[in-house]
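# Below are the sequence and a predicted model for it; my questions follow.
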Amino acid sequence: MELKILQRTYNLILYLYPVLKQFPRSERHTLVAEIKRTLFQRWSFRR
C-alpha cells in the first residue's frame, strides 16, 4: 500500500512541474514555491 502512495505522489510531482511553469509570472514565485515545498514535504514524510 505504501509503495502505491509513494508512486502516486511521485507521479503527481512529475505531472505538476510542467503545469506550474504555466502559472502567471507574478504568482509563479511565491505560489509555485509553496506548492513545491508542500509536495516535497509529503514525499519525504512518506519515505
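Alright, I've got the coordinates.

# got the buried residues for the longest helix seen in the chain?
Using DSSP state H, we find that the single longest helix of the chain is helix 2-20. Neighbour counts over helix 2-20 (16 or more other C-beta atoms under 10 Å) mark Thr9 as buried. For the C-beta atoms, the positions are set from N, CA and C on the backbone; glycine is no exception.

# chain center to it, what's the gap?
Relative to the mean C-alpha coordinate of its chain, helix 2-20 is positioned 7 Å out (C-alpha atoms, centre = their mean, to the nearest Å).

# what's the answer for stretch 13-28, then?
Centroid separation between stretch 13-28 and its chain, computed with C-alpha atoms, centre = their mean, is 10 Å.

# do the same with stretch 24-34
The answer for stretch 24-34 is 13 Å, by C-alpha atoms, centre = their mean.

# so how far is the first residue of that stretch from its last?
15 Å (C-alpha to C-alpha, to the nearest Å).

# Rounded mean pLDDT for the longest helix of the chain, please.
Mean per-residue pLDDT for helix 2-20: 84.

# Can you spell out which helices and strands pack onto that helix?
helix 33-46 (3 or more C-beta pairs under 8 Å, 6 or more residues apart in numbering; DSSP states H and E).
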